[in-house]
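Enquirer: model the structure of this input:
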Amino acid sequence: QVQLVESGGGLVQAGGSLRLACAASGRSFSTYAMGWFRQAPGKEREFLTTINWSGSSTYYADSVKGRFTISRDNAKKTVYLQMNSLKPEDTAVYYCAASSTVVAGKTSEWYDYWGQGTQVTVSS
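Expert: This next block holds a predicted model:
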């Protein structure tokens, strides 16, 4: 069993940056692929990025490529999402997710565990 807790959300002006963190509890974190998703009001959950078990491979959605960076620290059982050049359309609840596979895809079905989410609001 894996529990995930996101932190680092908040209110930021357009063009600003935020760094989200997702702390995991439980064993085997270092063997799990991790991902970040977001959901804006009235919209479906959107895939953002995923990282494999070792951190050697990442994949980004076009909407965040070049602005967001995913990373992980297996010793700290934490995955991060560095968000730069934020836009008002990035406003959403951000979720981290864990997959019991060492590499995961971009659909929700790949992921077995989800955090409770953290709100990110970007003002114009």
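Enquirer: this protein: strands as residue ranges?
Expert: 3-7, 10-13, 18-25, 33-39, 46-51, 58-60, 68-73, 78-83, 92-99, 113-114, 118-123 (DSSP state E).
Enquirer: what's the closest of those strands to residue 107?
Expert: strand 46-51 (6.9 Å; Cβ to Cβ). Where you see a C-beta, it was placed from the backbone N, CA and C, and this is true even at glycine.
Enquirer: can I get the strands of the chain in CSV with mean pLDDT and mean neighbour count?
Expert: Formatted as CSV, the strands of the chain follow (pLDDT from 0 to 100; neighbours: other Cβ atoms under 10 Å):
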stretch, mean pLDDT, mean neighbour count
strand 3-7, 97, 17
strand 10-13, 98, 13
strand 18-25, 97, 19
strand 33-39, 98, 24
strand 46-51, 98, 22
strand 58-60, 97, 16
strand 68-73, 98, 18
strand 78-83, 98, 22
strand 92-99, 97, 24
strand 113-114, 96, 18
strand 118-123, 98, 17
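Enquirer: using a markdown table, lay out these together with distance to residue 105.
Expert: Output for the strands of the chain, formatted as a markdown table (distance: least, Cβ to Cβ, whole Å):
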| stretch | distance to residue 105 |
| --- | --- |
| strand 3-7 | 18 |
| strand 10-13 | 29 |
| strand 18-25 | 18 |
| strand 33-39 | 9 |
| strand 46-51 | 7 |
| strand 58-60 | 8 |
| strand 68-73 | 14 |
| strand 78-83 | 16 |
| strand 92-99 | 8 |
| strand 113-114 | 15 |
| strand 118-123 | 23 |
